[in-house]
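Enquirer: Dropping a prediction and its sequence here:
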Amino acid sequence: MSDKIHRTYEAMGIRREVLALGERILSELSERFRNIDEIAEICQMKVLSAMQKNRVSEQCFETSTGYGYNDLGRETLEAVYASVFHAEDALVRAQITCGTHALAVALAANTRPGDEILSPVGKPYDTLEGVIGIQPAKGSLAEYGVTYRQVDLLPDGGFDYDGIRAAINERTKLIEIQRSKGYQTRPTLSVERIGELIAFIKGIKPDVICMVDNCYGEFVETIEPTDVGADLCVGSLIKNPGGGLAPCGGYIVGKKEYVEQCAYRLTTPGLGKEVGASLGVNRSFLQGLFLAPTVTAGALKGAVFAARLYETLGFGVVPNGTEERYDIIQAVTLGSPEAVLAFCRGIQAAAPVDSYVVPEPWAMPGYHSDVIMAAGAFFQGSSIELSADGPLEPPYAVYFQGGLTWYHAKFGILMSLEYLLRERLAELPKTE
Ligand SMILES: *Cc1c(COP(=O)(O)O)cnc(C)c1O
């Protein structure tokens, strides 16, 4: 390690011992990083090939206004997404405000009063509780007579096949499968396991719609849920597939008839996909998708590095430093509210934007407890950018993700440790 690097980090507030520990951990990760790079390379070719096949051209960067009829860029973008996901159709819009909105559109569009939604993988993401009506909420699907059922994962993280078989009934219309653990400590599902689950469910009820909440999973593996039988796959553009350049938006890809339903729900019956001005975002959406495999790889390296580092320091981490990854989220159990605050403040202090502000916990809409969020991001709430969220409740875990570049992710993680050390909430191993 050159002295120049040491001095560079020191000038940025990272003590020598912290960098030295980081470097020691990195030296054990070269094989992992090579693996991550190879996945990114395969995904890069997948995206590039989709762009070539669908003839992305300079004209695609033009914008539409008003109704947004005949928007070549928007139509090409959607064709590119469909190709990347090996799906029949796609809806990729700035008018989809976030991942929750994309999921809400997909759920509402493909159910009718009397239908039932089943989650065979336990409780869905917090913000969906109001959408579905698991928690009473104005305008929830429950208010429209759509019911909900859930089968939890087994204690070892496996699927409860007997429970799932028993839960599927004549009203079961749509299966909601969340790939990522979200704010939980259950394991994230690999695409392969999602495929096994879908095959089992289709074996019981072939015409049920299998929808995957793909948030944080895109480009972490070389295949996506639509490659293993998912009828719909849904996510946010301020996470992986936006590549850090999409300023907002969400996507829905899958079977044509179900995507069409989504379009009629997002705009109006009769108008569907034909309308929706792109307002200048086509270039950012396309360029962001182009960068997404590399950006996701950087975020993954950050997650693996954080896992190994915090594991070495004696903290609980999910996933651990050596297991396979299926999303970019890293959970670190810090054990106290003070440590959660310090970790998040370290991440914030490492940010390119708003590095001088001190994040405070607040009652975020859609979440159960107060949450502290560190996000010095170019786009509000963008979690493909380096960010950390910590709900202030036991076991006092932080959920850490993103990093538009690996170097920034590394710096942020070292800074989080620096902040913990300053408040004596962590201790360096004796050897450092
Ligand atoms: C982030 C996330 C969502 C919701 O996305 P928003 O853009 O925050 O609305 C839904 N599901 C999972 C698993 C997520 O990680």
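Expert: Looks like it arrived, so ask away. Just so you know, these numbers come straight off a predicted model, no measurement behind them.
Enquirer: State the phi and psi torsions of the closest residue to the ligand within the stretch 1-150 of the chain.
Expert: Among all residues of the stretch 1-150 of the chain, residue 99 sits closest to the ligand, at 2.4 Å; criterion: C-beta to the nearest ligand atom. The way it works is simple: take the backbone N, C-alpha and C, and place the C-beta from them, glycine included. Note on residue 99: its backbone torsions stand at phi -60, psi -40 [degrees, to the nearest 10].
Enquirer: mind checking how far the lengthiest helix in the chain is from the chain centre?
Expert: If you go by DSSP state H, the chain has its longest helix at helix 282-312. Computed by C-alpha atoms, centre = their mean, to the nearest Å, the separation of helix 282-312 from the middle of its chain amounts to 11 Å.
Enquirer: Likewise for stretch 386-399?
Expert: When C-alpha coordinates are averaged (C-alpha atoms, centre = their mean), stretch 386-399 and its chain have centres 16 Å apart.
Enquirer: same check, this time on stretch 361-375
Expert: Here the centre of stretch 361-375 is set off from its chain's centre by 17 Å, with C-alpha atoms, centre = their mean.
Enquirer: same deal with stretch 372-388?
Expert: Stretch 372-388 has its average C-alpha position 12 Å from the chain's average C-alpha position, going by C-alpha atoms, centre = their mean.
Enquirer: Okay, helices next: where are they in this structure?
Expert: Taking DSSP H to define them, one finds helices in the chain at 3-11, 16-27, 30-53, 72-84, 99-109, 126-132, 161-167, 191-204, 256-266, 282-312, 337-349, 406-422.
Enquirer: Can you work out which other helices and strands pack against the longest helix of the chain?
Expert: Secondary-structure packing of helix 282-312 (3 or more C-beta pairs under 8 Å, 6 or more residues apart in numbering; DSSP states H and E): helix 16-27, helix 30-53, helix 72-84, strand 316-318, strand 330-333, strand 397-401, helix 406-422.
Enquirer: Now the fifth one: average pLDDT?
Expert: Strand 330-333 comes out with an average pLDDT of 95.
Enquirer: go on, the fourth one?
Expert: The predicted model assigns strand 316-318 a mean pLDDT of 94.
Enquirer: try stretch 14-27
Expert: The average pLDDT within stretch 14-27 is 96.
Enquirer: Please report the confidence value the model assigns to the closest residue to residue 51 other than its chain neighbours.
Expert: Nearest residue to residue 51 in three dimensions, chain neighbours excluded: residue 80, at 5.7 Å (C-beta to C-beta, 6 or more residues apart in numbering). If you check residue 80, the pLDDT there is 98.
Enquirer: Residue 80 against residue 54, yeah?
Expert: Yes. Residue 80 sits in contact with residue 54 when judged by C-beta atoms under 8 Å, with a separation of 5.0 Å.
Enquirer: So between those two, which is more surrounded?
Expert: Each of residue 80 and residue 54 had its neighbours counted (other C-beta atoms under 10 Å), and the higher figure belongs to residue 80 (26 against 19).
Enquirer: do the longest helix of the chain and the ligand meet at all?
Expert: No. On the criterion C-beta under 6 Å from any ligand atom, helix 282-312 is out of touch with the ligand, staying 13.0 Å away.
Enquirer: for the record, mean pLDDT for that helix?
Expert: 98.
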